[in-house]
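*Asks:* model this:
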Amino acid sequence: MGIIEWVTTIFLLAGAFFFFAGTLGLLRFPDVYNRLHALTKADNVGLGLITIGLMLQVDNWVLALKLLLIWFLVLLTSATAAHLIANAALRGGLPLWRRP
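*Replies:* Sure, this is the predicted structure:
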């Protein structure tokens, strides 16, 4: 196993860790606003790390650019979706979490 494979493995494992952390945030945080923040931030970083790991394995630079484009589009759509969900929750009257 060469150095590229080791670096790829490290990026993929780090990306999986961020996905796991985002899932824990989704399950454990108290309100929709905190959950959205944890999920979108961790998933965007996790996908970025996985994209970098996959880019190290492709043979063609066009495929690497496609991976970057996919990551960019996911960044845009996840931020937009999180904003829309948070705005709907705020307009629906869901209060911010307050420490008891």
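
*Asks:* correct me, but Val45 touches Phe18?
*Replies:* Yes. Val45 lies in contact with Phe18 (C-beta atoms under 8 Å); the separation is 4.8 Å. (Glycine included, C-beta is placed from N, CA and C.)

*Asks:* what's the residue of the chain most remote from its centre in contact with, if anything?
*Replies:* Ranked by distance from the centre of the chain (C-alpha atoms, centre = their mean), the top residue is Pro100, with 30.3 Å. Going by C-beta atoms under 8 Å, 6 or more residues apart in numbering, Pro100 touches no other residue.

*Asks:* what's near enough to touch the residue nearest in space to the middle of the chain?
*Replies:* In the chain, the residue lying closest to the centroid (C-alpha atoms, centre = their mean) is Asp43, at 1.4 Å. Applying C-beta under 8 Å, 6+ apart to Asp43 gives the contacts 18-19, 22, 78.

*Asks:* Repeat the analysis, applying 6 Å as the threshold.
*Replies:* Gly22 (C-beta atoms under 6 Å, 6 or more residues apart in numbering).

*Asks:* so what's Phe17 closest to, chain neighbours aside?
*Replies:* Gly46 (7.5 Å; C-beta to C-beta, 6 or more residues apart in numbering).

*Asks:* Which strand or helix spans the one you found?
*Replies:* helix 32-55 (DSSP states H and E).

*Asks:* quick one: buried residues of the longest helix anywhere in the chain?
*Replies:* Secondary structure assigned by DSSP state H gives helix 61-91 as the longest helix of the chain. Within helix 61-91, the residues that count as buried by 16 or more other C-beta atoms under 10 Å are 64, 67, 71, 78, 82, 85-86, 89.

*Asks:* Let me know the pLDDT of the nearest residue to Ala16 once chain neighbours are set aside.
*Replies:* Counting by C-beta to C-beta, 6+ apart, Ala16 lies nearest to Gly46, which is 7.0 Å off, once chain neighbours are set aside. Note for Gly46: predicted pLDDT of 95.

*Asks:* Now do the contacts for Gly46.
*Replies:* By C-beta under 6 Å, 6+ apart, the contact set of Gly46 is 15, 18-19.
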